[in-house]
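Peer 1: What shape does this take:
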Amino acid sequence: MRTSPTAVPARRAVVPLLGSAALAVTGLLTAVPAGAAAGHPLSWTRSCAVDLTPGHAFCDALRVTDAVEHVSAQGVTPGATPSGFGPADLLSAYALPANGGAGQTVAIVDAYNDPKAGADMAVYRAQYGLPACTKASGCFKQVSQTGGSTLPANNAGWAGEISLDLDMVSAIAPRAHIILVEAKTASMANLGTAVNEAVKLGATEVSNSYGGSESATDTSYDTTYFDHPGVAVTASSGDSGYGVEYPAASRYVTAVGGTALTKTSNARGWKESVWSTSSTEGAGSGCSAYDAKPSWQTDSGCAKRTVADVSAVADPATGVAVYETYGASGWNVYGGTSVASPLIAAVYADAGAHTAAVPASVAYAHTSGLNDVTTGSTASCSPAYLCHAEVGYDGPTGLGTPNGLTAFTG
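Peer 2: Numbering: from 1, shown residues only. From the prediction side, this is the model:
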C-alpha cells in the first residue's frame, strides 16, 4: 500500500488484498489488531477492505467494536450521551471557536452511497445541540461524482466513513454548508472526478479520508484532480504506520497525520502523542517516491514530498463519537486518520477564506499556532524524525495539531 524507502524494517499492512470488484460489492469489514489505551483495551475493524491495486483507494476509518457492544448493552438511545469524544471535547482540545464555519462550504469526497447520510447527520447534530443542516434548507447536498441526483451503489463499509466525515465537519464547523460527493467506485480516477465536482459546486474545503498505493501516475493525478488554488484540500496520511499513501503525498493537499488524544491536568487540559497501535497500525508518514517537494517544505530527510503536514486525533482508543445506521446500529466510536482529515478541513472552514494557493503552506509560516507533538513513534527509520515525534517537524504528526486558527488562516 505504501512506499517505505528508508524503513528499518519495511512493513506492509497485514489485512488481505481484495480485488476492486470484491471491494465494490461487499463493503467488507476487515479485522485489525486489538489496541489498548491506558487501562482501556479495545478492538476495532477497518470500515473498508484494503485494496493495494495501483490507482485504487480505500477509506482510513476504524470502527471500535467493544464500544458499540457496551453502548448497546446499556440501552443508550440517540437522546443519551454516547461514548467517544464529542464536539465540546474537540473544540476544547484544539482551542477552536464554537459555531464556526459560517460562509464556508466543506465537501466530503467518498466512494459509493450512504442512503442514511443526511438522516444520521441530523441525529448527531441534534444530540450535541448543533444547528440543523438539511437538504431542504440548502445547507446539505448529496450528489454523484458528476453532480447529479442518481447516486452510486450503497456500500456499508464506506457508509461508516461517510458518517464519520459528516459528523466531524458538523462538530468543528457547524455553521458551514456541507456537500457530500460520492464517487461511483473507489478508483482514484472516480474519486478525483468527485474532488473536481466538489470544487465546481463551490467547496472552499475538500476532505479526502482515503488513500492507496503510490504510483508513477500520481503526478498526473496531482494536476488533474488536486490542484485547486485557494481551496483547502485535506487527505488522510493512512493507518498502517510508517510509509506513504496517495493522495496524502500530493504537493497540493494538506497531508493529515494522527495522534492519540487524552485529557490531562496540564494547562492545556489535553495531551497528545503519535498514534501507533502496533508495527502495522498507526499514523502514516515518510517520503513520497514520486511527488516533488513543495517549496514551503524544507526538511532534509526527503528529496521529494514528506508526509505529514499537520495532524489531529486518530487513535481508535481515544476515538470520536459517530452516529451511523447503514451498516451499524446507532452510536459508534471511530478512529483512524479518517477522523483527522475532515476535522482539519473543518478547521480551515473555521479560519475563513484562503489566500494561499496551497493552504498547507500557511502552517509552515505559523508554527506557533500548533501544538507540537513530541512523544511517540511508529517504527525504526532513518532519519528518525520520519517516524518518531520530535520537537518541531516530524513525519507522523507534521508540525503539530491545531491550537486555534492561526496556522490555518490566510
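
Peer 1: Pretty sure H388 sits against D394.
Peer 2: Yes - the pair H388 and D394 passes the contact test of C-beta atoms under 8 Å, sitting 6.3 Å apart. Quick note: C-beta positions are derived from backbone N, CA and C, even for glycine.

Peer 1: the more surrounded of the two?
Peer 2: Neighbour totals were compared for H388 and D394, and D394 leads with 29 against 21 (other C-beta atoms under 10 Å).

Peer 1: ok, the nearest residue to G258 once chain neighbours are set aside - contacts?
Peer 2: Once flanking residues are discounted, G258 sits nearest to A314: 2.6 Å by C-beta to C-beta, 6 or more residues apart in numbering. Taking C-beta atoms under 8 Å, 6 or more residues apart in numbering, we find A314 in contact with 239, 257-260, 275, 283, 335-340.

Peer 1: hmm, which two among these are most spread apart?
Peer 2: Using C-beta to C-beta, the pair of the contacts of A314 lying farthest apart is A260 and S338, separated by 15.4 Å.

Peer 1: what mean pLDDT does the helix ranked longest in the chain have?
Peer 2: For the chain, the longest helix by residue count, based on DSSP state H, is helix 156-172. For helix 156-172, mean pLDDT is 98.

Peer 1: A260 and S338: who's more crowded?
Peer 2: Counting neighbours by other C-beta under 10 Å for A260 and for S338 shows that S338 has the greater number, 32 against 27.

Peer 1: From G286, how far out is L386?
Peer 2: Between L386 and G286 the computed distance is 5 Å (C-beta to C-beta, to the nearest Å).

Peer 1: meant to ask about G147
Peer 2: Distance from G147 to G286, by C-beta to C-beta: 35 Å.

Peer 1: Show me which of the two is the more surrounded one.
Peer 2: In terms of neighbours (other C-beta under 10 Å), G286 is the more surrounded of G147 and G286; the figures are 32 against 14.

Peer 1: what number of residues lie near P82?
Peer 2: 21.

Peer 1: quick one: it is in a strand?
Peer 2: No - P82: not assigned to a strand; according to DSSP: H, G, I helix; E, B strand; the rest coil it is coil.

Peer 1: Okay, helices next: where are they in the stretch 301-410 of the chain?
Peer 2: 337-351, 360-365 (DSSP state H, counting those that start in this stretch).

Peer 1: Now do the buried residues in the shortest one.
Peer 2: So that's helix 360-365. A360, S361, V362, A363, Y364 (16 or more other C-beta atoms under 10 Å).

Peer 1: which residues does V64 contact?
Peer 2: L42, S43, W44, G84, P316, A317, G319, N332, V333, Y334, G335.

Peer 1: top of those by neighbour count?
Peer 2: P316 (33 neighbours).

Peer 1: So which of the contacts of V64 are in strands?
Peer 2: Under the assignment DSSP state E, the contacts of V64 contribute L42, W44, N332, V333, Y334, G335 to strands.

Peer 1: out of those, which one sits closest to K184?
Peer 2: Distances from K184 to the ones in strands among the contacts of V64, taken by C-beta to C-beta, are shortest for Y334, at 24.3 Å.

Peer 1: So the nearest residue to K135 once chain neighbours are set aside versus L164, what's the distance?
Peer 2: Nearest non-adjacent residue to K135, counting by C-beta to C-beta, 6+ apart: G118, 6.0 Å away. As defined by C-beta to C-beta, G118 lies at a distance of 15 Å from L164.

Peer 1: out of the two, which sits in the more crowded spot?
Peer 2: It is L164, of G118 and L164, that has more neighbours when counted by other C-beta under 10 Å, with 34 against 18.

Peer 1: now for the helix or strand containing S207, which elements pack on it?
Peer 2: Using DSSP states H and E, S207 falls within strand 205-208. The contact analysis (3 or more C-beta pairs under 8 Å, 6 or more residues apart in numbering; DSSP states H and E) places strand 205-208 against strand 105-111, helix 188-200, strand 232-236, helix 337-351.

Peer 1: quick one, strands of the stretch 201-350 of the chain?
Peer 2: Counting by DSSP state E, counting those that start in this stretch, the stretch 201-350 of the chain has strands at residues 205-208, 210-211, 232-236, 240-242, 254-263, 270-274, 276-278, 281-292, 304-307, 310-313, 320-324, 330-335.

Peer 1: can you tell me which of those comes nearest to Q104?
Peer 2: Per C-beta to C-beta, nearest to Q104 of the strands of the stretch 201-350 of the chain: strand 205-208, 6.5 Å.

Peer 1: model confidence over the closest one, on average?
Peer 2: 98.

Peer 1: now swap in stretch 358-369 and tell me
Peer 2: On average, stretch 358-369 scores 98.

Peer 1: What's the local residue count around A186?
Peer 2: 26.

Peer 1: That one and N403, how far apart?
Peer 2: Taking C-beta to C-beta, one finds A186 at 34 Å from N403.
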